[in-house]
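Engineer: When you get a sec, could you give me coordinates for this:
(chains A and B)
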Amino acid sequence: MLTRNNLLAGTAALVALALFGPAGAQTPIKIGELNSYKVFPAFLEPYKKGIELAVEEVNAAGGVLGRKIEVISRDDNGNPGDAVRVAEELLSREQVSFLIGTFPSNVGLAVADFAKQRKVLFIAAEPLTDKIVWDSGNAYTFRLRTSTYMQTAMLIPDAVKLKKKRWAIVYPNYEYGQSATAAFKKLLKEKQPDVEFVAEQAPPLGKIDAGAVAQALADAKPDAIFSSLFGADLAKFVREGQTRGLFKGVEVFNLLAGEPEYLDPLKEEAPEGWYVTGYPWSEIKTPEHTKFLTAYQAKFKDYPRLGSVVGYSTVMSAVEAIKKAGSLDQDKLIAAASGLKLMTPFGMVEYRPIDHQSTMGAYVGRIAVKDGKGYMKGWRFVDGKDALPSDAEVLKMRPKN
Amino acid sequence: MTFSSIIIQLLNGLAAASSLFLVSAGLSLIFGVTRIVNFAHGSLYMLGLYGAYSLIEALGRTPIGFWSAVILAALAVGLVGIVIEVLILRRIYRAPELFQLLATFAVVLVIKDIALFTWGAEDLVGPRAPGLSMAVEILGKCIPAYDLLLIAIGPVVLGAVWLLLTRTRWGALVRAATQDREMVGALGVDQAKLFTSVFFVGSVLAGLGGALQIPREPANLELDLAIIADAFVITVVGGLGSITGAFLAAVIIGVAKAFCIGIGTVTWFGFEISFSKLTLVVEFLIMAIVLVARPYGLLGKPQAVQRIAADPVPPLTAPSWKVALVWVVLLLGVPLVADRYITIMLTDIVCFALFAVSLHFIMGPAGMVSFGHAAYFGLGAYAGGLLFKRAGLPMEAALLLAPLCAGAFAVVYGWFCVRLSGVYLAMLTLAFAQISWSIVFQWDSFTGGSNGVFGIWPSAWLADKTTYYYLALACCGTGIALLWRVLFSPFGAALRAGRDSPLRAEAIGIDLRGFQWAAFVLVGALAGLAGSVYAFSKGSISPSTISIGQSTDGLIMVLLGGVETLTGPVVGAAVYTWVRDAVARHTEFWRAVMGCIILLIVLLFPQGLVGGLKALFLRWKEQRA
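Structural biologist: Here you go, the predicted structure:
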């Protein structure tokens, strides 16, 4: 029977548990993660698996600072306004130590600015925009992913070698495509001053009229094409271009097209001979990657995509930053993250003190088809630190404070 | 462009027009008969692609396999249409106008998550059409053979639908119902069956439009919203209920897009103009021009006066001061007891509440539905941000000047909009919103382009979240009170008179257009205030504040709360924002859950939350008496 005394005793026990329980079994360190899960599911589902794997490994090894870690994920709806709100929620209600994540450029930049305002560490996982570390960079924001500029720069040596004069350009009409195009034009012009850009097409993201675009590019009679399309736009462009003979005798460079997320859906139609950046997961034999690959396949019975590597490495970066800081104090975390070195499936990376960009590299190669599937042939790994502009240029772009 | 490329781009445009036409024709049929703004039409199109993909995989990549898959997919989508109609829409035909939009919006959310669950997140690239995978050479240039087939399919379907509408009894009924559905009912036609059959045919057309795209477009989860706006534009540009008009509009828009791409970048008088970037907005530009020149679309006729299916709109009751006071006190007290996040959440809710109330003002009492209300919210947000960041004004001044800027835009947009009525008016507001959006999206040097504007934080004395909440409450609360007060002024009465009977209102000497224009400016300015308060609470703004998504959110809030009540929009804004936040946090498939919650509300409270609760309360009081 429930008597008042019973009730009191029970309550007292509960209170005691609440007060002393956690102290006995250390509470986990909470890391807040936000991303546009429902807007870019093709990239972010593998990304989330990468996060889960990292959390499991870290906790199996005893966690960090003697405490386990916990990643609390939120969907930001691909909308900067919502992102700032869930970031607030993570900080004030979930009491997370700091923030990681984000995918589209505008969300990444909004959260970066928010992190500066709230004075918390933010490790941007995926946004490719150069502005997040340069023009709009701030002391609190670090970025893992190989940026638009870096990936473009990685393709430049091959482009210069071909000595093609007439280039046509196609890009999705928003920050990523615009800055990829701007970087490509600038870098190629430096190395090859007589280059000519004969056509430029900027279809809206996800809504390319591929037939008309392919035709317009063909009309300009280019020797080579630089594209930064991805996802459904890329698939449509590839098919129309192949049917219409656009790619005959024309060299094509396409950022990101070697990433399994975007290459695999093309199946046997993967465009052979294209120069791309990507992730040839089945052929990378470095010990750090093999370890990651084995663990990933054992856990998920699926192969990793680039998103998986990004998710995994983001959490690992967060953990290493905590370990190096030795505390959860923001100033110490920021100081630790600046110049932080850690091992990722793509090898050692360093978050550069000068601009907080990590030196994560990328794989550059050409697409080929085997057994009805596209893959990257003759690839090489380019270290991120070799694809960045000079320190003087960076300092000029990045605001001082 | 050479002659041959002009011809090829023309063919490209026609091929693109084909699928657009099929989808729009279905939409036009459904809207004509049922008057439902069917948001889920794009989802049916998307299901057509996914269905065709799976069926081709099952039936084999042979000509027979391919074509039977296309037909079967279209029919299967037709069945989905029937299910939606019978299970959901049939129950709410008598709800206030536009309420069905809410239900179809919920269906969009549910179908999206079902597709994600069933087919996964990765894009599915379908096979080429067997036997038609090659290109045909025309004037020395290649065009896919399949595109030529598509160009032929458009007119064939147009002919078939035309025959169906003019040569069969069913067609006669559909045409009759389009003109006067109550009369058709009075003459003994089973309306339920007619509506279901129309929904079936419309959905089959959407599914066919999707299935035929499978060799040209990978099945992916963004297709539904990508096509729905275009389909509405075509339906309206062509003239509601006119299938031939829809065909014409599809061709015009398809070809215009192809030519924008074909022309590419040109230099005029030293200015570089990228026509390729114009594809972002060209359909909305065309719609704005057509609607300004021809208020009923290209081939549309003035709409016959529709007898309202729902009961006449009840008179508004003024909110009681006492109740309002209690709420104000409660809201003021929240930060004292609640945690920090609730305060932040409430700041969002307060902004959206003013946004929703301003939309309600124009679509409810003033009788002018706006599908593009985010224009003023977003422009207000940008005005605030840019005045602060670029003009260097103090934050307080920027915040208070922003509504004037949004109002200035409303002066221009409103002047055009009040000349139209009904869905045409709604679509013109959408056109202006999209044009504003695309300019903001493209003007990198001034508005920050797709990235938006950052670093627009409130002044130090307002930086604390609780203080800012009080500021938001003061600004938006005043805005809401002002709008409500205006509704009971002679000005508000004149607006309501204009909604209920424009003819009589004009006859007693009310300058209706002038009043409606003034109403536009008023709500534009106040939506702008909501936007600027919102912007400073976030520290950044992006073009998504002007997007269709934001406009839709506004509509959902108003309809959810109840368009016929005064406090409905506020409740709708609060419930929608709060539920979305809570659901997204707890489940992975939050869109489907959200959709189901909205559907439940729709079915339980066809007058919206506040309307429904009020009715319940009245009934309870009657029973007691």
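
Engineer: Please make it C-alpha for all contacts and neighbour counts, starting now.
Structural biologist: Fine.

Engineer: Run the contact check for stretch A:64-80 versus chain B.
Structural biologist: Yes - interface with chain B: stretch A:64-80 contributes A:74, A:75, A:79, A:80 (Cα under 8 Å from any Cα of the partner chain).

Engineer: mind listing what residue A:142 touches?
Structural biologist: Residue A:142 is in contact with A:121, A:122, A:123, A:124, A:133, A:337, A:351, A:356, A:357, A:358, counting by Cα atoms under 8 Å, 6 or more residues apart in numbering or on different chains.

Engineer: Tell me if it really is in a helix.
Structural biologist: No - read with DSSP: H, G, I helix; E, B strand; the rest coil, residue A:142 is strand and lies in no helix.

Engineer: That one and residue A:97, how far apart?
Structural biologist: 15 Å (Cα to Cα, to the nearest Å).

Engineer: Specify which member of the residues of stretch A:64-80 next to chain B is nearest to residue A:315.
Structural biologist: residue A:74 (15.0 Å; Cα to Cα).

Engineer: Could I get the CA-only coordinates of the host helix or strand of that closest one as CSV?
Structural biologist: Using DSSP states H and E, residue A:74 maps to strand A:69-75. Taking C-alpha atoms only, strand A:69-75 is exported to CSV below (Å, rounded to 0.1, in the frame of the first residue of the first chain):
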residue,chain,number,x,y,z
ILE,A,69,30.9,10.9,-25.0
GLU,A,70,27.5,11.4,-26.4
VAL,A,71,26.6,13.1,-29.7
ILE,A,72,23.2,14.8,-29.6
SER,A,73,21.9,15.3,-33.2
ARG,A,74,19.3,17.7,-34.4
ASP,A,75,17.8,18.3,-37.9
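
Engineer: Buried ones in that strand, by neighbour count?
Structural biologist: Applying a neighbour-count criterion of 16 or more other Cα atoms under 10 Å in any protein chain shown, one finds A:69, A:70, A:71, A:72, A:73, A:74, A:75 buried in strand A:69-75.

Engineer: And stretch B:380-393, by the same measure?
Structural biologist: Per 16+ other Cα under 10 Å, stretch B:380-393 contains these buried residues: B:380, B:381, B:382, B:383, B:384, B:385, B:386, B:387, B:388, B:389, B:393.

Engineer: Now that stretch: average pLDDT?
Structural biologist: In this model, stretch B:380-393 has a mean pLDDT of 93.

Engineer: what's in contact with that stretch?
Structural biologist: B:394-395, B:398-403, B:405-406, B:447, B:453, B:455-456, B:525, B:527-536, B:540-541, B:545.

Engineer: Kindly recompute the last result at 6 Å.
Structural biologist: B:395, B:398, B:399, B:402, B:403, B:406, B:456, B:528, B:531, B:532, B:535 (Cα atoms under 6 Å, 6 or more residues apart in numbering or on different chains).

Engineer: which SS class is the closest residue to residue B:580 other than its chain neighbours?
Structural biologist: Leaving aside its chain neighbours, residue B:580 sits nearest to residue B:594 (6.7 Å; criterion: Cα to Cα, 6 or more residues apart in numbering or on different chains). Here residue B:594 is helix, with the state taken from three-state DSSP.

Engineer: Same check on the one 3 residues further on?
Structural biologist: Under three-state DSSP, the three-state class of residue B:597 is helix.

Engineer: what does residue A:374 give?
Structural biologist: Per three-state DSSP, residue A:374 ends up strand.

Engineer: Count the residues that sit near the residue of the stretch 101-250 of chain A found nearest chain B.
Structural biologist: Nearest to chain B in the stretch 101-250 of chain A, going by Cα to the nearest Cα, is residue A:106, at a distance of 4.4 Å. The number of residues packed near residue A:106 is 31, by other Cα atoms under 10 Å in any protein chain shown.

Engineer: got it, and residue B:342?
Structural biologist: Quick note: residue B:342 (other Cα under 10 Å) scores 17 neighbours.
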